[in-house]
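Colleague: pasting the sequence and the predicted coordinates here, then a few questions.
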Amino acid sequence: MAKIRVDSWSSKIENHKSETCGERSRTIVNRQGEALAYFRPMPMSEEALEILSPRRKQHMLDWMQANYVLPAKSSRKKGPWSLETTPFWRPVIEWLCDLTTREIWVYACRQSGKSTILGGWLGYVIDVVPGPMKIILPDEKVAKKRIKRFRPAFEKSPRIMHHLGGDIRNLLIGEVTDMDNMQLVLGWPTSPVTLEDDAIQYLAGDEVALWTVEIVDGVSTIDTLRYGTRTYEGISKRFFITRPGNKGDIADKNFEECQKWAIHVVCPECGQYHEAMFENVHIDKDKDDKFFDPAYYHYRPGKGRRKARYVCPHCKAEWSELERKAAISGCRACPQGCTIGRDGEIVGEWEDGDKKALCVPAVLVDPSFTTVDQLAAEFVAAIKRREAGDIGPYRSFWNNQNARAFERRERETGLTQLQSHIGGYSMAKRLVPRRVQMICHGIDVQTDCIWAVTKGYGFRNEQWLLWAGRLETGHTGRPENWDLVESFVRSEWVSAEDETVRYYASRAAVDCRYQVAERDEESSVVYDFCLRFPEGAVVPVMGYGRDRMHNSYYKARPVAGKAMRRFDLCVDTGKDRLWQCLYDKEKPPGPGFLHLPNDLPADLARQLASEAQLVKRTRSGREIVTWVLKPGFRENHIWDASVYCDLAAELAGVFHLQDVDYVKTVSGRMKKHKDGSKQESSYWDGTPSL
């Protein structure tokens, strides 16, 4: 070998011809001047190079676009999967592939591609990053249904079929599926294979809000499943995707513990990003600020402008469906408390956590699947059903379209809230305040007594509780015991301003629920009592709940041989109205406000706070809002009697009353001639005559 001259202590590399093999080699000279020659290695085959070279893991997005195929029999858009129609899943895919995120929770609306993403992650794990995996579904039926959606897509992927041994029937439910590179469990919360203490690297939960079992052996089901990933601490992934349920359930508790992220879209007009949510949808209303019929919002080409539109919160620009689609295609994920700049970058400070949560509402769904008009029509229909007492459609829209947990807000009733309703008049003196124009009675019948409520009504349903209490009649099944009730109904009231002015009740409503005869439904002492008065002056009432009345406030039916009409009343709706008059904090004294006397007995005030509003499920599965007696309270007769009194006032025309002060003002500006004609006075200001 040729000698190498050393010029310095630093190492030098020279190329030279090897005297032994005749090939160029690299010679390294060390500090001692010794030459170390390294010859070029012999050429290797491509197979050997592939084995020895470090393997680069394929990204889940690239793998799904190359290998995941949507079958025609279970997908509207068949063929290779892409983010074209569901770009909002990009951040979730990134989290499933990064090195820091350990747990992901997604609240997603209906038909947003939840099953597709879950199936894509399953296929990616099987083919690229194999490891023990569990997928938990609500129950066995859902598991069988979900696997039917996985199988067609897996059959189109040769790589997945290779790991399954070439036969899709090897994919099992409720048992361990052994593949050539990993184990897979498809189960439900109560299946034996789910409860086994096996080490798992990947955990997926589908439709967690529908899980009927939340606690197993005193521990949350989610926590029990999390314990199985301890062996793979630092490299595990937990992915839960569901439509939300109720506030505070098992899904919502875990969702709230994560770092919140939201999908932001860019406005095509102003170029600013904002969070996509249903609150940005503008829905037209009528002149009375009420929603139109739901069918009104379905857009028909050539029939004018759309009745519901997505509006940018920054520039107030109204988007077309094409503009909404373009905005969705450029969406970005943003952590809570931050914003997206015009360049698409996150603006603000946040701490990247290992648990992330994302919400996908229906306004992010491609217009070819869901339009704003359809969402508006469904929302209006749900609002109208809620006003009728059926809360199910409203909760369904909140969960399935708005992708948010539904919070059951019970209407509060408490004694402290009644303090602001105490007025400056007395119940004992039986005086009628100035603005009262009508008096009505409501009577709740018990076996041995009568509970009565007398209220005064004014312009726009302003109310005054004039008297409430118990009448000791004795057994109410005897007609002679009703003479005391007749005297009460026919009693007179004195005006607080002028003692010479007398008031008499316009209408009265009497409960006949507990006085129907055993044999003949059409004959009872209540009917006989009502016949003592002129027709329609005193009416019998039969109270029912929302499960019976559905959408009606009351229905009239002939009774007693068609001698009178009985009113079947939805007491739940009546108590809703009474709550608004008594407990609505946003309502000041005035229209729709119930005034209370300053000497209201404590036991009667306690009855006014004795009921609470709850949501219950009927036998048919409907969820309705109903009123029940609160624990610790024994009597609620004032509630019922007051509801009957309000029905009597409505039958008497309380909503047609005019403003007394306005009428007096207008009357004072008019002069009446001898011939009966009217003429404007010298100070007439143009106010129209009544």
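Modeller: Cool, got the structure. Nothing here was measured: the structure is a model prediction, and the numbers come from that model. Numbering: from 1, shown residues only.

Colleague: rest of the way, CA atoms for contacts and neighbours
Modeller: Fine.

Colleague: report the central residue of the protein.
Modeller: The geometric centre of the chain, computed from its C-alpha atoms, lies nearest to residue 398 (C-alpha atoms, centre = their mean), at 2.9 Å.

Colleague: residues touching that one, list them.
Modeller: When contacts are counted by C-alpha atoms under 8 Å, 6 or more residues apart in numbering, residue 398 touches 404-406.

Colleague: burial count for the closest residue to residue 291 other than its chain neighbours?
Modeller: By the measure of C-alpha to C-alpha, 6 or more residues apart in numbering, the closest residue to residue 291 outside its immediate chain neighbours is residue 285, 4.7 Å from it. Counted by other C-alpha atoms under 10 Å, the residues lying close to residue 285 total 13.

Colleague: for residue 150, which non-adjacent residue is spatially closest?
Modeller: Spatially, and ignoring its direct neighbours in sequence, residue 150 is nearest to residue 119 (6.1 Å; C-alpha to C-alpha, 6+ apart).

Colleague: my read is that that neighbour contacts residue 148, right?
Modeller: No - look at residue 119 against residue 148 with C-alpha atoms under 8 Å: they stay out of range, at 11.1 Å.

Colleague: who has more neighbours, the two?
Modeller: Neighbour totals were compared for residue 119 and residue 148, and residue 119 leads with 21 against 12 (other C-alpha under 10 Å).

Colleague: so which helix or strand takes in the more buried one?
Modeller: Residue 119 is part of helix 114-127, with elements assigned from DSSP states H and E.

Colleague: list the contacts for residue 580?
Modeller: Contacts of residue 580 were listed using C-alpha under 8 Å, 6+ apart, and they are 592-593.

Colleague: quick one: it and residue 330, what's the gap?
Modeller: Taken as C-alpha to C-alpha, to the nearest Å, the spacing of residue 580 relative to residue 330 amounts to 45 Å.

Colleague: next one: residue 510
Modeller: For residue 510, the distance to residue 330 (C-alpha to C-alpha) stands at 64 Å.

Colleague: the more surrounded of those two?
Modeller: Set side by side, residue 510 and residue 330 show more neighbours around residue 510, with 27 against 15, by other C-alpha under 10 Å.

Colleague: I'd assumed that one was in a helix, is it?
Modeller: No - the secondary structure assignment for residue 510 gives strand rather than a helix, going by DSSP: H, G, I helix; E, B strand; the rest coil.

Colleague: beta-bridge partners for the closest residue to residue 553 other than its chain neighbours, please?
Modeller: For residue 553, ignoring the flanking residues on the chain, the nearest one in space by C-alpha to C-alpha, 6+ apart is residue 570 at 5.2 Å. On the basis of DSSP bridges, residue 570 takes part in beta bridges with residue 544.

Colleague: residues near residue 570, how many?
Modeller: Neighbourhood size, residue 570 [other C-alpha under 10 Å]: 24.

Colleague: isn't it up against residue 541?
Modeller: No - with the criterion set as C-alpha under 8 Å, residue 570 and residue 541 do not qualify as a contacting pair; they are 10.1 Å apart.

Colleague: circling back: got the CA coordinates for the helix holding residue 119 in CSV?
Modeller: Taking only C-alpha atoms (Å, rounded to 0.1, in the frame of the first residue of the first chain), the coordinates of helix 114-127 have been written out as CSV:
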residue,chain,number,x,y,z
LYS,A,114,-67.9,8.3,12.1
SER,A,115,-68.0,4.6,11.1
THR,A,116,-65.7,5.3,8.1
ILE,A,117,-63.0,6.9,10.2
LEU,A,118,-63.3,4.1,12.8
GLY,A,119,-63.0,1.5,10.1
GLY,A,120,-60.1,3.3,8.5
TRP,A,121,-58.2,3.5,11.8
LEU,A,122,-58.8,-0.3,12.3
GLY,A,123,-57.5,-1.1,8.9
TYR,A,124,-54.5,1.2,9.3
VAL,A,125,-53.6,-0.5,12.7
ILE,A,126,-53.9,-3.9,11.2
ASP,A,127,-51.7,-3.1,8.2
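
Colleague: for it, packing partners?
Modeller: Other elements packing on helix 114-127 under the criterion 3 or more C-alpha pairs under 8 Å, 6 or more residues apart in numbering; DSSP states H and E are helix 60-67, helix 140-155, helix 158-163.

Colleague: residues making contact with the first one?
Modeller: For helix 60-67, the surrounding residues in contact (C-alpha under 8 Å, 6+ apart) are 80-82, 90, 93-94, 96-97, 120-121, 124, 157, 159.

Colleague: out of these, which is most surrounded?
Modeller: When neighbours are counted as other C-alpha under 10 Å, the busiest of these turns out to be residue 120, with 25 neighbours.

Colleague: who's in contact with that residue?
Modeller: Contact partners of residue 120, counting by C-alpha under 8 Å, 6+ apart, are 64, 68.

Colleague: next one, pLDDT for it please.
Modeller: Per-residue confidence (pLDDT) for residue 120: 92.

Colleague: quick one: it from residue 267, how far?
Modeller: 31 Å.

Colleague: do residue 443 as well
Modeller: 60 Å.

Colleague: more neighbours: these two, which one.
Modeller: With other C-alpha under 10 Å as the criterion, residue 443 and residue 267 differ in neighbour count, and residue 443 comes out ahead with 30 against 25.

Colleague: may I have the beta-bridge partners of the more buried one?
Modeller: residue 452, residue 510.

Colleague: from what I can see it touches residue 644, true?
Modeller: Yes - judged on C-alpha under 8 Å, residue 443 makes contact with residue 644 at a distance of 6.8 Å.

Colleague: between those two, which contacts overlap?
Modeller: 509-511.

Colleague: want to throw these into CSV with distance to residue 602 and pLDDT?
Modeller: As requested, the shared contacts of residue 443 and residue 644 are arranged in CSV below (distance: C-alpha to C-alpha, whole Å; pLDDT from 0 to 100):
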residue, distance to residue 602, pLDDT
509, 25, 96
510, 25, 96
511, 24, 93
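
Colleague: can you list these in CSV and add distance to residue 555?
Modeller: Shown next, in CSV, are the shared contacts of residue 443 and residue 644 (distance: C-alpha to C-alpha, whole Å):
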residue, distance to residue 555
509, 14
510, 15
511, 15
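
Colleague: nearest to residue 537, of these?
Modeller: Proximity of those to residue 537 was ranked by C-alpha to C-alpha; the top entry is residue 509 with 8.5 Å.

Colleague: surely the closest one is in contact with residue 541?
Modeller: Yes - proximity of residue 509 to residue 541 meets the contact threshold set by C-alpha under 8 Å, at 6.3 Å.

Colleague: which neighbours do the two share?
Modeller: Joint contacts of residue 509 and residue 541 (C-alpha under 8 Å, 6+ apart) are residue 644.

Colleague: which one's more surrounded, the two?
Modeller: Legend: neighbour count by other C-alpha under 10 Å for residue 509 and residue 541, higher for residue 509 (31 against 26).

Colleague: give the next helix or strand downstream of the helix or strand encompassing residue 373.
Modeller: Secondary-structure element containing residue 373, defined by DSSP H and E: helix 372-387. Elements were assigned by DSSP H and E; along the chain past helix 372-387, the next helix or strand is helix 392-400.

Colleague: what does the domain assignment say about the protein?
Modeller: 1-42, 61-257, 266-337+367-400, 415-657, 659-690 (automatic domain parsing).

Colleague: quick one: closest of those domains to residue 358.
Modeller: Put simply, out of the domains of the chain the one that sits nearest residue 358 is domain 61-257, at 4.8 Å, with distance taken as C-alpha to C-alpha.

Colleague: re earlier: for the residue nearest to residue 150, give its distance to residue 300.
Modeller: 37 Å.

Colleague: ok, residue 233 next?
Modeller: In this view, residue 233 and residue 300 are 56 Å apart by C-alpha to C-alpha.

Colleague: now do residue 76
Modeller: Distance from residue 76 to residue 300, counting by C-alpha to C-alpha: 24 Å.

Colleague: where does the stretch 251-400 of the chain dip in pLDDT?
Modeller: The model of the stretch 251-400 of the chain has pLDDT under 70 over residues 302-303, 388-389.

Colleague: could you pull out the strands for it?
Modeller: Counting by DSSP state E, counting those that start in this stretch, the stretch 251-400 of the chain forms strands over residues 259-266, 273-275, 281-283, 308-311, 318-319, 332-335, 339-340, 346-347, 355-360, given from the N-terminal end onward.

Colleague: perfect, I'm done here.
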